[in-house]
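*Asks:* Pasting the sequence and the predicted coordinates here, then a few questions.
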There are 2 protein chains.
Amino acid sequence: MLSKKTKYGLKALAFIARQGDKTPVQIATIADSENISHKFLESILLTLRKAGILGSKKGKGGGYYLLKAASDIPMTDVIRTLEGPIAMLPCVSLNFYEKCDDCPDEHACSVHKLMIQVRDSTLKILRHNTLADLA
Amino acid sequence: MLSKKTKYGLKALAFIARQGDKTPVQIATIADSENISHKFLESILLTLRKAGILGSKKGKGGGYYLLKAASDIPMTDVIRTLEGPIAMLPCVSLNFYEKCDDCPDEHACSVHKLMIQVRDSTLKILRHNTLADLA
DNA sequence: ATTTATCCTATCGGATTACTAGGTTATTAT
DNA sequence: ATAATAACCTAGTAATCCGATAGGATAAAT
């Protein structure tokens, strides 16, 4: 299950991408349109900015804007930034790998094999879909 | 991410399925072989029994056994029992559907559409794979 | 009657989640 | 300059969930 943080982040990015031009969109505008708590959204957009997905501008007329074309931002990037691993188990995660305490031999683990299948099919979709598809 | 409960449950079921015959397997045997806390595993197997996946027998020579052929137990059943929804968002879950507070129109939501794709590809794999494949 | 092994309820510390508070800094308009 | 605007940043917090444990009750075999 995705956290609300991730879900809100995706909706906010889609909102920004839908504006098309590079004029900054304010937190308040997105929060109002998408029914997201202003303060919570603030922290989410900050995370996306620090991850290099969004740029920002302070002061009047400020806000957030995309740093790249929407079609160059795959869903994998966004979800990994906000949610962390895409895989169902740490031991099959490409970007957040962790060994299982209980597994002596990973390759002998049948659950491992199944979760690799799930991971690959999910990755296929999330890599193929970009922010442009979302917007 | 799957909880340890689900992961342990899957490993335990695979262990039981691997025995082949219908002789009950004890918690202690599984816990030792798979490096799972005895008490924690106990509560997991209880859940699987109450869900109609496992049967049990008390007293000496007792333990847990499969109620159906391993090839008749799809991964979807097990994961839904232990983990709950398979979908990444409640609003795209088939068995645990919940409406989003923030979404006025579900069909207009772009995140929704993406998550349906992910759900379907995951379901395809988890429906096709049975406990027999895991074991 | 004793041993074995599941059944069941309750609890618990720690981590995570979804927010909220409140002040700081940078930019623009007057 | 000064005031207004809007992002920046750190901290905290209530509620929930997770992983695990405790300890007795029940049922079956010896």
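*Replies:* Here it is on my side, so go on.
*Asks:* Whether the longest helix belonging to chain A contacts DNA strand D - can you check?
*Replies:* Looking across chain A with DSSP state H, the single longest helix is helix A:110-128. No: using C-beta under 7 Å from any atom of the strand, helix A:110-128 stays clear of DNA strand D, with a minimum separation of 13.9 Å. C-beta: built from backbone N, CA, C; applies to glycine.
*Asks:* Contact residues of chain A facing DNA strand C?
*Replies:* Residues of chain A that fall close to DNA strand C, judged by C-beta under 7 Å from any atom of the strand: A:3-5, A:37, A:39-40, A:42-43, A:57-62.
*Asks:* and if we set it to 10 Å?
*Replies:* Proximity of chain A to DNA strand C is confined to A:1-8, A:24, A:31, A:35-44, A:56-62, A:82-84 under the rule C-beta under 10 Å from any atom of the strand.
*Asks:* what helices or strands is the longest helix of chain A leaning on?
*Replies:* In terms of contact count using 3 or more C-beta pairs under 8 Å, 6 or more residues apart in numbering or on different chains; DSSP states H and E, helix A:110-128 is assigned the packing partners helix A:75-82, helix B:4-19, helix B:110-128, helix B:131-134.
*Asks:* re the thing from before, now list the buried members of the residues of chain A next to DNA strand C.
*Replies:* Using 16 or more other C-beta atoms under 10 Å in any protein chain shown as the burial test, these include A:1-2, A:4, A:6-8, A:24, A:31, A:36, A:41, A:44, A:82-83 as buried.
*Asks:* Need those in CSV (columns: pLDDT and distance to DNA strand D).
*Replies:* Below are these laid out as CSV (pLDDT from 0 to 100; distance: C-beta to the nearest atom of the strand, whole Å):
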residue, pLDDT, distance to DNA strand D
A:1, 96, 8
A:2, 98, 13
A:4, 97, 12
A:6, 98, 16
A:7, 98, 16
A:8, 98, 15
A:24, 97, 7
A:31, 97, 9
A:36, 97, 13
A:41, 98, 9
A:44, 98, 10
A:82, 98, 15
A:83, 98, 15
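*Asks:* picking that back up, so which of the residues of chain A next to DNA strand C would count as near chain B as well?
*Replies:* Filtering these for proximity to chain B by C-beta under 8 Å from any C-beta of the partner chain leaves A:1-2, A:7-8, A:35-36.
*Asks:* Could you pull up the contacting residues of the residue nearest to residue A:98 when sequence neighbours are not counted?
*Replies:* In this structure, residue A:98 finds its nearest non-sequential neighbour in residue A:90, 3.6 Å apart by C-beta to C-beta, 6 or more residues apart in numbering or on different chains. By C-beta atoms under 8 Å, 6 or more residues apart in numbering or on different chains, the contact set of residue A:90 is A:96-100, B:1.
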